[in-house]
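1. okay, sequence plus prediction incoming.
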Amino acid sequence: MALPAIHIERSTSGHPMTVSGRFRKRPTEVAATRWWANGDHADDSVGEEAVDPATGQVYLRVEGAVVRFFCDPDAPATNSCAHCGYTMHDHGWIDTLEGGHIVCPGDWIVTGVKNERYPVKPDIFAITYESVGE
Ligand SMILES: [Zn+2]
C-alpha cells in the first residue's frame, strides 16, 4: 500500500525540520454508538442475510459485523474482565487500524474521520466528546 503524501519541512541541509509547540485538536464530528451487547451497533446487521466470502453461501448473521464475538482461548468466557468486571462472554471484539481490540460492555464505538472504527472507554468518551444531536 502506498504511503500518503506528507509535506515535510526541510532545513537547508535537507534534513526534516523538527517542529514542536502546543496544538489543539480541530473540532470534528464523529459517529458513535454505545455498545452493550452483540448486535447493538447499527451496522452489525445481526439477523440479516450475509454472504460467506469463503464459500459464497448466504447465511443469517448471528455475530455483529462491526463488533464481533469476543473469542480468545487464553481468556475463558467465564473469566471476569480486569477493566469492567463483566465476564468475557459479555464482551465483543472489533478490528481497528491497529489490529483487533476488545470491547467492554458500555464502551463507545467511534467511527472516525476516515470511517475507521475503534472503541473508547466511557470516561475518556465523556471527556473528549459532547453530543451534537442525531
Ligand atoms: Zn471489560
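-> That came through, no problem.
2. doesn't Ile124 fall inside a helix?
-> Yes. Applying DSSP: H, G, I helix; E, B strand; the rest coil, one finds Ile124 inside a helix.
3. tally of neighbours for it?
-> Applying other Cβ atoms under 10 Å, we find 12 other residues in the vicinity of Ile124. Heads up, the C-betas are built off the backbone N, CA and C, glycines and all.
4. residue ranges with poor pLDDT in the chain?
-> Along the chain, the model assigns pLDDT under 70 to residues 1-4.
5. so which residue is dead centre in it?
-> Centroid check for the chain by Cα atoms, centre = their mean gives Tyr118 as the closest residue, at 1.5 Å.
6. what helix or strand does it sit in?
-> Using DSSP states H and E, Tyr118 sits within strand 117-120.
7. for the ion, what are the nearby residues on this protein?
-> Applying Cβ under 5 Å from the ion, one finds that the chain approaches the ion through 81, 83-84, 104.
8. repeat that for 8 Å
-> Within reach of the ion by Cβ under 8 Å from the ion, the chain has these residues: 81-86, 88, 90-91, 102, 104-105, 107.
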